[in-house]
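Engineer: return atomic coordinates for the entry below.
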Amino acid sequence: MRTKEEISAHKKSVHVLENIFDNIEMLIANNPNITEYDIQKHIESDFEKYNHSTDKDRPIVAYRENSSVVHYYPQKQWSKKLKKWSLILVDIRARQKNGHNPFADITQMFYYGDFVPKNIEKVFNDVIFIRDKTIEFIEDKLHKNNIPTWAEIQNATSEQVNKLWYKGKMNHYVGHCIWFYSPHGNRKNITPTNNIPLEINLWYTIEPWIYLKNTFWIRSEINFYIDENLKLNVTTKQQKQIHRIKPR
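Structural biologist: Numbers count the residues shown, from 1 in each chain. Reported below is the predicted structural model:
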């Protein structure tokens, strides 16, 4: 059982990360030649500004085809430069530095161009649909006084993926628990064969993705917890549209 102080600390970190996403949008708009690595360094400087830190893995910032690389961490020597018609995936996680504080872990999508191409917009909208259907599934179970297991959540999400003709295109787990020493917590919680119910007042992610090999990768990652009243509390904003940044 998590304390009210810990829940408050998580929500504060969510707020910080959402501010950082807003900063990224302005940063890209004002710097048409910015690289993936530049944005990563900017995120890390924001961590310092907000008295936050991350784990051993640096923020993920991926342009264009790099968004299809699982866990892509840009390096200065091979970082891509921004150019028109760029899909951008950003995955950041952090927690307050002082004390025993939990992480927040969020992924959002951006697009740098005059408009979002229809093929990218369609996949994004499908990912959002899958994410929201997964939330509905959890809420429906809770309304019936049943706490779902990871296996049930994984199966429900996979069913939606298959209905949309993306079978084999979401080759990972739909989420993970969020711990104190790592945003990925105890990985035993996320296996699709795990029939243990989710814990009360422990944070989790929902992060469905559609992976089109060597082309692009769309993901939406939000955080939630289930409280003592069996209510699902989504603690992050639920991105509904790609953040389009129009070149100047």
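
Engineer: centre of the chain to the longest strand seen in the chain, how far?
Structural biologist: Longest strand in the chain, counting residues (DSSP state E): strand 86-96. Distance of strand 86-96 from the chain centroid (Cα atoms, centre = their mean, to the nearest Å) equals 7 Å.

Engineer: what's the answer for stretch 142-157, then?
Structural biologist: Its chain's C-alpha centre and that of stretch 142-157 lie 20 Å apart, by Cα atoms, centre = their mean.

Engineer: next: stretch 68-85.
Structural biologist: On Cα atoms, centre = their mean, the centre of stretch 68-85 falls 18 Å from that of its chain.

Engineer: endpoints of that stretch, how far apart?
Structural biologist: Stretch 68-85 stretches 16 Å from its first residue to its last (Cα to Cα, to the nearest Å).

Engineer: picking that back up, and the longest strand of the chain, which strands flank it?
Structural biologist: strand 52-53 (antiparallel), strand 60-63 (antiparallel), strand 104-112 (antiparallel) (DSSP bridges).

Engineer: who wins for proximity to L198 among these?
Structural biologist: strand 104-112 (16.0 Å; Cβ to Cβ). Where C-beta positions appear, they are placed from N, C-alpha and C, glycine not excepted.

Engineer: dump the helix or strand bottoming out on mean pLDDT in the chain to CSV, restricted to CA.
Structural biologist: Sorting the helices and strands of the chain by mean pLDDT, DSSP states H and E puts strand 209-212 at the bottom, at a mean of 82. C-alpha atoms of strand 209-212 as CSV (Å, rounded to 0.1, in the frame of the first residue of the first chain):
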residue,chain,number,x,y,z
TRP,A,209,2.6,0.5,-29.6
ILE,A,210,2.4,-0.4,-33.3
TYR,A,211,5.8,-1.3,-34.7
LEU,A,212,6.3,-1.1,-38.5
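
Engineer: quick one: that strand to chain centroid distance?
Structural biologist: 13 Å.

Engineer: which SSE is K237 in?
Structural biologist: Per DSSP states H and E: K237 is located in neither a helix nor a strand.

Engineer: just checking, what packs against the least confident helix or strand of the chain?
Structural biologist: Counting contacts by 3 or more Cβ pairs under 8 Å, 6 or more residues apart in numbering; DSSP states H and E, strand 209-212 packs against helix 118-143, strand 216-219.

Engineer: from these, which stretch is densest packed?
Structural biologist: Greatest average neighbour count among the helices and strands packed on strand 209-212 goes to strand 216-219 (a mean of 23), per mean count of other Cβ atoms under 10 Å.

Engineer: quick one: contacts of the following helix or strand past it?
Structural biologist: Moving toward the C-terminus from strand 216-219, the next helix or strand (DSSP H and E) is strand 222-226. With contacts defined as Cβ atoms under 8 Å, 6 or more residues apart in numbering, strand 222-226 is touched by 2, 7, 10, 14, 104-106, 131, 135, 138, 142, 147, 178, 198-207, 232-238.
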